[in-house]
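Student: structure here, sequence nowhere to be found:
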């Protein structure tokens with residue numbers, strides 16, 4: 001019984017480990033494989049982006065929270081005066097406060113998305129430049145997405161070379 005438990009644990013450990021690509025035959029001249037996401041994720045620029053986005057998101061969230069609190073205080077003041085103002089005026093002011101909160105959310109999201117988009121454009125530009133250089137150096141006639149292949153000869157995988165080239169082109173992104 002104990003051996004079955006150990007075997008089951010072994011199978012679970014194997015199932016959780018990423019499968020290595022199976023190498024099939026000799027490399028095909030002119031055919032190159034690239035994991036676009038792998039190259040980007042391994043790049044210094046991508047790590048820079050992730051490192052900058054976390055504090056930016058925290059800062060934007062803190063700013064939003066402060067502004068929401070101010071609107072919430074104004075809303076409480078309005079609710080306290082509800083019986084002293086006309087119902088239509090109360091509803092108008094309440095709608096204005098609700099609109100201000102929606103606008104804040106949109107503005108904060110837009111600022112974050114703009115920064116993220118700007119950085120992603122920098123990364124894409126570096127990837128394209130790196131890819132162009134590596135394709136020329138490796139004499140690739142065709143580049144296919146590696147993640148769609150079941151197996152390949154590692155000599156055809158240009159992902160690491162593209163990442164190295166990207167790191168030469170762009171070390172860090174500017175999200176401002």
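Tutor: Yep, it's here. Only a predicted model underlies this, so the values are computations on that prediction, with no experimental measurement involved.
Student: how about the secondary structure of the spatially most central residue of the chain?
Tutor: Taking CA atoms, centre = their mean, the centroid of the chain lies closest to residue 50, which sits 7.4 Å from it. Using DSSP: H, G, I helix; E, B strand; the rest coil, the secondary structure recorded for residue 50 is helix.
Student: can you pull out the strands in this structure?
Tutor: For the chain, the strands defined by DSSP state E occupy 31-34, 142-145.
Student: redo these as TSV? Include mean neighbour count, distance to residue 136 and mean pLDDT.
Tutor: Backbone N, C-alpha and C define where each C-beta goes, glycine included. Output for the strands of the chain, formatted as TSV (neighbours: other CB atoms under 10 Å; distance: least, CB to CB, whole Å; pLDDT from 0 to 100):
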stretch	mean neighbour count	distance to residue 136	mean pLDDT
strand 31-34	22	11	94
strand 142-145	14	12	94
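Student: in contact with residue 129, which residues?
Tutor: 165, 169 (CB atoms under 8 Å, 6 or more residues apart in numbering).
Student: returning to that earlier point: make a markdown table from the strands of the chain and add distance to residue 175 to it.
Tutor: Formatted as a markdown table, those follow (distance: least, CB to CB, whole Å):
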| stretch | distance to residue 175 |
| --- | --- |
| strand 31-34 | 26 |
| strand 142-145 | 28 |
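Student: of all those strands, which one is nearest residue 23?
Tutor: Closest to residue 23 of the strands of the chain, according to CB to CB: strand 31-34, at 11.8 Å.
Student: can you give me how far the closest one is from the chain middle?
Tutor: Between the centre of strand 31-34 and the centre of its chain there are 24 Å (CA atoms, centre = their mean, to the nearest Å).
Student: same for it, what does it pack against?
Tutor: helix 87-138, strand 142-145, helix 159-169 (3 or more CB pairs under 8 Å, 6 or more residues apart in numbering; DSSP states H and E).
Student: reformat those as a markdown table; add distance to residue 55.
Tutor: Formatted as a markdown table, the helices and strands packed on strand 31-34 follow (distance: least, CB to CB, whole Å):
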| stretch | distance to residue 55 |
| --- | --- |
| helix 87-138 | 11 |
| strand 142-145 | 33 |
| helix 159-169 | 23 |
